Each structure stands twice: as C-alpha cells, then as structure tokens.
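K.L.:
can't give you the sequence, but here's the structure:
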C-alpha cells in the first residue's frame, strides 16, 4: 500500500468502517495534526466483541500450519513495507528514523518467531495410576483477546502480542495508544491484505480509552487482556478483569538500574549505557533510569559518559544522522523538566544538558550528586536524563538496585564470572542484562516482577499466555 490516507478516520471490525467521530493525531515534530483517526466508543467496542467471538469459532478450527502460513506472509508484508512503517512511527511519535527502521524489523521478528511456534503448541500424554486409563493434556486457544498497546513502540508492541495470539488460534482486538493509531492500522491492513480472515485482528482507535475498554472488560466472551503501559493503568485493568476472571499479561512501568563494577571494560560499559539510556529519547520502559558506578571508577566513568553523551545528535527525527528526537508530547516534556528541577533543587549537579532545545526537545542530560530522595529515583522519568550514583561493594549495589517497587529490566557490567551469576540471581527483575544493554529479542522472555507486571512475552513463554490446558482422562475399558 502506498500510504495510510485511505484508512484515516476508520476503524476495523470485520472490515474498515468510517467513524462517526474523529480526533487529530498530533505529530511531535511540528505540533500540528498529521492525520485524523477514528474516535471509537462503547458501541464500536461491543461490535468488535461480537465480531471477535464469531470469528473465533472458525479461526480456532484452522490448523496450526494454516495459521503459520498466514503469519509468514504477514511477516513478509511487514518487511516489504518497513520503510512506510518506519516513516509512520517517526511522524506519529518522533522516534529517530534509524531507530524506527530497527523497530519495523523488530516487529517483523515476532511474527516470524510465532510462525514457527504456531506448529509447536504440543500436547502431552502422561502416565496414570490406573492401567486402563490414559492421561492427555491438550492445549487450546484461550479465546478472544483485548490488547492495549503503548505509543513508544507502536509496531513492536502490536506484533509482540498479536503474533502469539493469532498463532495460538485466538482472535485479537487492539486498542492502540491514542498518539499512535496509524502504525497499528497499517499493520492490520497488511494482515488483511495477505488473507487474514475478517474479525481475527481488529483495531479500535480512540481518544477516550476508558470508554472503549469498559464494555470489553465486562464481556465474558473476551477471555484474555494483555496490556503494556503504566503501573497505574495496569492496576485498574487488573481490578476490572476480576469480575469475569480474565487471563491477564501485563508489562508495566520500570525503573531500571545499570550497575557498573570496577572490573568492567569502561569504554564498552559507556557505549552500552549510552545506548540503553538515550534510545527513543529515553522513552522506553527498559531504559536505564539509575546508573550505579563503583566509587573507584566513578570519576573516570562520568567523564567518559559525559563526553559520549555530548556526541549525540539532537534534531529532526527524519534525518538519518539524528540520535535523539523530540519527546512525544508536552506532558512528557513537563515531567522530564520537573524531575530535573527537583533533582537540582535537592543538590544534584548538572554535568551536561538540563535544558530544552525548542518545542518538545530536551537535551541529553547527565546528573551527578543524585540522592535516593529525589523524584527521579522514585518515578520513571521517561526522558533523556541519566543520573549517576556510586556504590562501595557488591552487597550495596544489590540493595540499591532492588530498592524499588518495580522489577522490569536491570543491567550489570562486570568481567567477574562469579559476580555476574550472583547479580543475575539476586537482582529482583524479570530481565537482567549482563554486559548487554539491549537484551530484548523475539525468542526470549520479556516481562517484569513486583509492580512491573505479570506474564511474559516472547519465545515459547509468550505463546503459553494465549493457551489453556485441558486434561483428558481416557478410559480404555476393563
């Protein structure tokens, strides 16, 4: 498809429909409306539930190999349209184009992985205590799924959820973030173009998420809800899911520590920490939020880190040379500014940046003299701000890193093999990157512990989230 214009103002429930109401999608680069999106409400949500349930009756009966073939062709279509997807993401939320191209490939990788996993949803035959009985465990699709995805990875978060759901035989209703509906619509249209049956993947853009969500959470036919976003919204969805006992998988907020020991390769640690902190302008749930450096190397690390951060290019996200683009909206910028002002007011020193650069741009920022009582040490900043703190020994590093209610991602740099194992085992996080600042991959489990979520996405673990187990006890006669 050449562009998204034909899909503007439409939503997908068993076919594209023109919405009665629309809203402006505001691009962070210009601050102007870049498109009109459908503004769906309860009526569209109820229609989507009906369609999903009806489509599920036939989709669940397709063979795993038929579903795998459709996923393969969807994967190919995503790669064929990767540049359009990347340009769309950059327009919608300001991701630098070179990162957006990487995300298009990342999104496709989940579809490719679950093409294979679709044919590996094996059941089991197991021994029984009675000689005339046989025990079987069958794996079946959970049922229709409601998914809510965030704006910071508008393609990757869709396929990370939709691909395993469709592979398992579930139907899928998607409510994309209000800032980024266009990428989701493009992915859905590509699914339809390769032959994805009507009703298997639906998209409900809206500027009022609560109005769309309520009837879907109340509907017992919607058997599963998957959400990526803030812990606060996750708590509300958790409570709403209780009435109909829905299966849930939530990837919620994080507050990632990056721990650097004095035996680390300093130059490599700086490169990895820069990449982990400043990609997507710091707007990811797994971005470094707190950098803990052993006191013996703190000065040397900080000097190298500041110098590396100075080299990041801030500018037009459509430019291939840009490293840091604008923040997604004014609210995001205000939070970053508040966190920096609070830190400075409580004694932090600005080693680099600390200022805006017009509109929604915030310069890459490095702070020293940070203390645990500052807001940025309690809340996710979601911006290009790197606070550097120190620690004296391994036990203190573990205590500092774990001193948060969140537990999504954490990172460690060390060349000591024993320490690497001890850190991996003692850090209370769903993800631990050892000498790796970007560990996420389609074949690996992604998710958090504590208040960072429930369940896992990626790998065979991601498929399990969309399957139920049925025990069959079969008597053979006496």
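P.N.:
That came through fine. Since we're looking at a predicted model, the values are computed, not measured. Numbering: from 1, shown residues only.

K.L.:
do I have it right that residue 463 meets residue 115?
P.N.:
No - here residue 463 lies out of contact with residue 115, judged by C-beta atoms under 8 Å, at a distance of 11.4 Å. For the C-beta atoms, the positions are set from N, CA and C on the backbone; glycine is no exception.

K.L.:
any residues in contact with both of those two?
P.N.:
Jointly contacting residue 463 and residue 115 under the rule C-beta atoms under 8 Å, 6 or more residues apart in numbering are residue 167.

K.L.:
just the helices in this structure please.
P.N.:
42-59, 64-80, 82-93, 97-117, 156-168, 181-193, 209-218, 231-242, 266-278, 298-310, 330-345, 394-402, 417-426, 459-464 (DSSP state H).

K.L.:
got the contact list for the spatially most central residue of the chain?
P.N.:
Central residue of the chain (C-alpha atoms, centre = their mean): residue 157, 4.7 Å from the mean position. Residue 157 makes contacts with 149, 150, 228, as judged by C-beta under 8 Å, 6+ apart.

K.L.:
tell me how many other residues crowd the first one.
P.N.:
A count of neighbours around residue 149, defined by other C-beta atoms under 10 Å, yields 26.

K.L.:
now the residue nearest to the centre of the chain: how far from residue 221?
P.N.:
24 Å (C-beta to C-beta, to the nearest Å).

K.L.:
end-to-end on stretch 32-42?
P.N.:
The straight-line separation of the ends of stretch 32-42 (C-alpha to C-alpha, to the nearest Å) is 28 Å.

K.L.:
give the buried residues for it.
P.N.:
34, 35, 36, 37, 38, 39, 40, 41 (16 or more other C-beta atoms under 10 Å).

K.L.:
show me the contact partners of it.
P.N.:
With C-beta under 8 Å, 6+ apart as the test, stretch 32-42 has contacts from 4, 8-11, 18-19, 21-27, 44, 91-92, 178, 181-182, 204-208, 211-212, 214-215.

K.L.:
at 7 Å instead, please
P.N.:
Stretch 32-42 is contacted from outside by 4, 8-11, 19, 21-27, 91, 181-182, 204-208, 211-212, 214-215, using C-beta atoms under 7 Å, 6 or more residues apart in numbering.

K.L.:
cool, and stretch 241-257?
P.N.:
142, 217-218, 220, 222-231, 234, 238, 285-290, 292, 380, 401, 404, 406, 408-411, 447-448, 451-455, 457, 465.

K.L.:
which among the contacts of stretch 32-42 count as buried?
P.N.:
Among the contacts of stretch 32-42, those buried by neighbour count (16+ other C-beta under 10 Å) are 4, 8-11, 19, 22-23, 25-27, 91, 181-182, 204-207, 211-212, 215.

K.L.:
restricted to strands, list the residues you listed.
P.N.:
Filtering the buried ones among the contacts of stretch 32-42 for membership in strands, criterion DSSP state E, returns 10, 11, 22, 23, 25, 26.

K.L.:
need these in TSV (columns: pLDDT and distance to residue 100).
P.N.:
Formatted as TSV, those follow (pLDDT from 0 to 100; distance: C-beta to C-beta, whole Å):
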residue	pLDDT	distance to residue 100
10	96	23
11	97	24
22	97	25
23	97	23
25	97	16
26	96	18
